[in-house]
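Peer 1: Sharing a model that was predicted from the sequence below.
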Amino acid sequence: MTTLSFAPCRDLDAPSRLAAAGLAVEALQEFYERLPFSHEDLLACVADEFDTEGSELGDAVAALQEGVVVGLFAGYPADAQAERQQQSVFHCLSRLDPDKLEQALAVLDEHRRSVPTVPAGSFYLARIAVAAAQRGTGLAGKVLDAFHRAGAGHAGLSLHVRADNRRAIAFYRKNGFALAGTEGMNYQVMSRAT
């Protein structure tokens, strides 16, 4: 049996950071794929964001098996969500050519309007992902447990899930989360006690 360990993404070597960045992008693929970046530039941008204190991914944590990145989560206090998202947006936009800014801003604005507010005082799951080869092995539950431990002391845990992602909704329900009455939007809020 292989041992699972966790490490801040900012402490990973360059190839592992890129692997973690790939998982972070997969976790929010429908958003990232609309941004005017090449795939390589997007991965580099996200990998660099691991070093951006106060951003959505500044405190991201990688799950490792035998030194290989197999999962990732990024969580932080929900009360800091607006500031962290602004920091992430600034980080992203600062890397774009000026002629692509308008397109990126339109994508960001549309995304912002499709995401409801999470409960104040909760610990927010900004990203969670596991490597494709690890899906169905129980690893996602272990990564979610690590997020839960990181959120100890908060009023609860919260996350966004795509409204049409039945598999994810079932996974979160199995792990104690409940929908928080945000029907009718592209994303729904799920929450649970800590």
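Peer 2: Looks like it arrived, so ask away. Because the structure is predicted, anything quoted here is derived from the model rather than measured.
Peer 1: give me the beta-bridge partners of the residue nearest in space to the middle of the chain?
Peer 2: The centroid of the chain falls nearest to R127 when counting by CA atoms, centre = their mean (1.5 Å). Beta-bridge partners for R127, by DSSP bridges, are A74.
Peer 1: Surely it and Q29 touch.
Peer 2: No: here R127 does not reach Q29: they are 11.0 Å apart, not a contact under CB atoms under 8 Å. From N, CA and C alone the C-beta is placed, and that goes for glycine too.
Peer 1: if I look at L64, how far off is L179?
Peer 2: The gap separating L64 from L179 is 32 Å, by CB to CB, to the nearest Å.
Peer 1: One more: G121?
Peer 2: 19 Å.
Peer 1: So between those two, which is more surrounded?
Peer 2: L179 (15 against 12; other CB atoms under 10 Å).
Peer 1: Assess the claim that the more buried one and V189 are in contact.
Peer 2: Yes: in this structure, L179 is within contact of V189 by CB under 8 Å, at 7.4 Å.
Peer 1: Show the residue spans covered by the helices in this protein.
Peer 2: Taking DSSP state H to define them, one finds helices in the chain at 14-27, 29-32, 39-49, 81-93, 101-113, 139-150, 166-174.
Peer 1: Kindly present those as TSV, with separate columns for mean pLDDT, mean neighbour count and distance to D59.
Peer 2: Listed next are the helices of the chain as TSV, based on pLDDT from 0 to 100; neighbours: other CB atoms under 10 Å; distance: least, CB to CB, whole Å:
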stretch	mean pLDDT	mean neighbour count	distance to D59
helix 14-27	97	20	12
helix 29-32	91	14	19
helix 39-49	96	18	11
helix 81-93	93	17	9
helix 101-113	90	13	21
helix 139-150	97	18	8
helix 166-174	96	14	21
